[in-house]
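J.: have a look at this prediction, sequence included:
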There are 4 protein chains.
Amino acid sequence: MATKEQIAAFMASDFPQSKIVIDEVGQMSARVRHHIGHDELRPGGTVSGPVMMATADCALYVAILGEIGIVPLAVTTSLNINFLRKPSAEQDIVAVCRIFKRGRSLIVGDVMLYSDGSDDPVAHAVGTYAIPPGSVA
Amino acid sequence: MATKEQIAAFMASDFPQSKIVIDEVGQMSARVRHHIGHDELRPGGTVSGPVMMATADCALYVAILGEIGIVPLAVTTSLNINFLRKPSAEQDIVAVCRIFKRGRSLIVGDVMLYSDGSDDPVAHAVGTYAIPPGSVA
Amino acid sequence: MATKEQIAAFMASDFPQSKIVIDEVGQMSARVRHHIGHDELRPGGTVSGPVMMATADCALYVAILGEIGIVPLAVTTSLNINFLRKPSAEQDIVAVCRIFKRGRSLIVGDVMLYSDGSDDPVAHAVGTYAIPPGSVA
Amino acid sequence: MATKEQIAAFMASDFPQSKIVIDEVGQMSARVRHHIGHDELRPGGTVSGPVMMATADCALYVAILGEIGIVPLAVTTSLNINFLRKPSAEQDIVAVCRIFKRGRSLIVGDVMLYSDGSDDPVAHAVGTYAIPPGSVA
């Protein structure tokens, strides 16, 4: 297992272009956030879909690294996202992940996305990661 | 309906941060590409999942604008993506979209993603866009 | 809004072939179950995928009717399901639904499926229903 | 690899409750059909969603058996379906599957569903099957 600090250090070195910040890593869970500025908006004054997809994907990756340790080659095999409400253009996107199943080769979980400070989700995603054989005890 | 040139001009003005180039806009279809450089890679020397998600989402948006004209407020309501093979780190990602259904309020289509020059898909996505009421004849 | 008894009476009259029993209808939620007998099994001595898909779809329908009243023409527009563990061949499948978003035209929710008596989910589904215009106050 | 006749014999013995008929098994592809009678309809005089999900799932299973031979324990790991148009209550549902990726442990493909005689799809599904280790050469 990896701590929040270990995962943050790994993300900074291996995904330097990512703007995502880790709030918390828990048991079979994680919470991350993406700051929203001009680059993350789209016509209509709202957060672009790809920013939310990237945040969801990252939340699941962080939760998985928290469970299995720093396994960089864990890769997404599928992601399904439903957009529910228009996010605020002025609040961070906060993503809350829980893992449903930790198998030897596949890990599945979902992510609820919020505009920071609101309880109404703006999107919900479900994703699957494949774990390289032999990387999990 | 909008032409490739009209859509490219709209994308340049309204999505200036996007690195996606439009190859072709056809009937109920489009092909776009994303250049792959250092910023698009992830550990393992492969294209990051969010880059492929963004390219798939954009291909569908372009195909839709080609059908209904420049309707900036068309928004993704769902996207489902399956990653199939490891993309090349040295080739553009090419996304080929076809629209299955053009309804008055929802448009659904799929996107096959390739590393440029290969016939084996690296990912496949299905997405739905919602069209603002009254924006389509 | 409709009660559990009203929804059960509607299901019995309009879906007489369904074997699903309603356990509970709550606020933005429902729990239903499907008895598992010989007809629901597949090679490997496990519950067939389509039985779980049908149960998930029904759980969402029941939760929606509980929110908006008996609107028979509410129809599924999308369903995404991930199978997580092998279900027991000898226990009911229990489906627990919660609604994420109740819009005027689309309602979105998820469903966690269990073998009765276990806390480990056997499948997880996310679905969207379209509501006929004018049917919801 | 298995022929259409071998797969039909296997389905008849191992899935006796299934009403699905195999039209064709091709290279990385299959076409199956489900007869529509009173039991397959729902309010609104249309085919029920679960019938279409079951047909899509079966089309993919048949295409996979055509590729890898009779491997009964191939199981669905995920299915995503979008409903596109109201199917006819009086025509068979025809499902056309193509496989995108045949891996050692996962096989992914999509299925387009039609009311027999129409070229406008009524639904589109994408599914993944897991193959038991060692069952494919």
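T.: Nice, I can see it. In this text the structure is predicted, and so the values were computed from the model without any measurement.

J.: tell me the angle the longest helix belonging to chain A makes with helix B:49-68.
T.: Looking across chain A with DSSP state H, the single longest helix is helix A:49-68. Here helix A:49-68 runs at an angle of 160 degrees relative to helix B:49-68 (axes from the mean of the first three to the mean of the last three Cα atoms, to 10 degrees).

J.: and chain A, which residues reach chain D?
T.: A:T77, A:S78, A:N80, A:S105, A:L106, A:T128 (Cβ under 8 Å from any Cβ of the partner chain). The C-beta positions use only the backbone N, C-alpha and C, and glycine is treated the same way.

J.: sort out which one of those lies nearest C:Q6 for me.
T.: A:N80 (32.4 Å; Cβ to Cβ).

J.: so that closest one sits against D:N80, correct?
T.: Yes. At 6.1 Å, A:N80 counts as touching D:N80 under the criterion of Cβ atoms under 8 Å.

J.: can you list the weak-confidence ranges in chain A?
T.: Residues of chain A that meet the criterion pLDDT under 70 lie in A:137.

J.: chain C contacts on that one?
T.: A:80, A:82, A:84-85, A:100-101, A:108, A:110, A:112, A:121, A:124, A:126, A:128.

J.: turn those residues into CSV, columns for distance to D:G117 and neighbour count.
T.: Formatted as CSV, the residues of chain A next to chain C follow (distance: Cβ to Cβ, whole Å; neighbours: other Cβ atoms under 10 Å in any protein chain shown):
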residue, distance to D:G117, neighbour count
A:N80, 32, 25
A:N82, 33, 26
A:L84, 38, 20
A:R85, 41, 17
A:F100, 41, 19
A:K101, 42, 19
A:V108, 39, 24
A:D110, 40, 22
A:M112, 43, 20
A:P121, 42, 20
A:H124, 38, 22
A:V126, 36, 26
A:T128, 37, 25
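
J.: show me the two of those that sit farthest apart.
T.: So, the residues of chain A next to chain C by Cβ to Cβ: farthest apart are A:R85 and A:K101, at 27.9 Å.

J.: now do the strands in chain A.
T.: Per DSSP state E, chain A carries strands over the ranges A:20-26, A:29-34, A:41-42, A:46-47, A:75-83, A:93-102, A:106-115, A:123-130.

J.: can you lay out the ones you listed as TSV showing distance to C:V21?
T.: Listed next are these as TSV, based on distance: least, Cβ to Cβ, whole Å:
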stretch	distance to C:V21
strand A:20-26	36
strand A:29-34	32
strand A:41-42	45
strand A:46-47	42
strand A:75-83	28
strand A:93-102	25
strand A:106-115	27
strand A:123-130	27
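
J.: among the ones you listed, which is nearest B:V25?
T.: So among the strands of chain A, strand A:41-42 is nearest, using Cβ to Cβ, at 19.6 Å.

J.: contacts for the closest one?
T.: A:V47, A:S48, A:G49, A:A89, B:D14, B:F15 (Cβ atoms under 8 Å, 6 or more residues apart in numbering or on different chains).

J.: which one is the first one nearest to, not counting chain neighbours?
T.: This means A:V47. Excluding its sequence neighbours, the residue lying closest to A:V47 (Cβ to Cβ, 6 or more residues apart in numbering or on different chains) is A:P87, at 4.3 Å.

J.: and that neighbour, what does it touch?
T.: A:I36, A:T46, A:V47, A:M52, A:I93, A:L113, A:S115, A:V122, A:A123.

J.: switch the cut-off to 10 Å
T.: A:36, A:40-41, A:46-48, A:51-52, A:93, A:113-116, A:118, A:121-123 (Cβ atoms under 10 Å, 6 or more residues apart in numbering or on different chains).

J.: geometric centre of chain A: which residue is closest?
T.: Note on chain A: the residue nearest the mean C-alpha position is A:A59, at 1.7 Å, using Cα atoms, centre = their mean.
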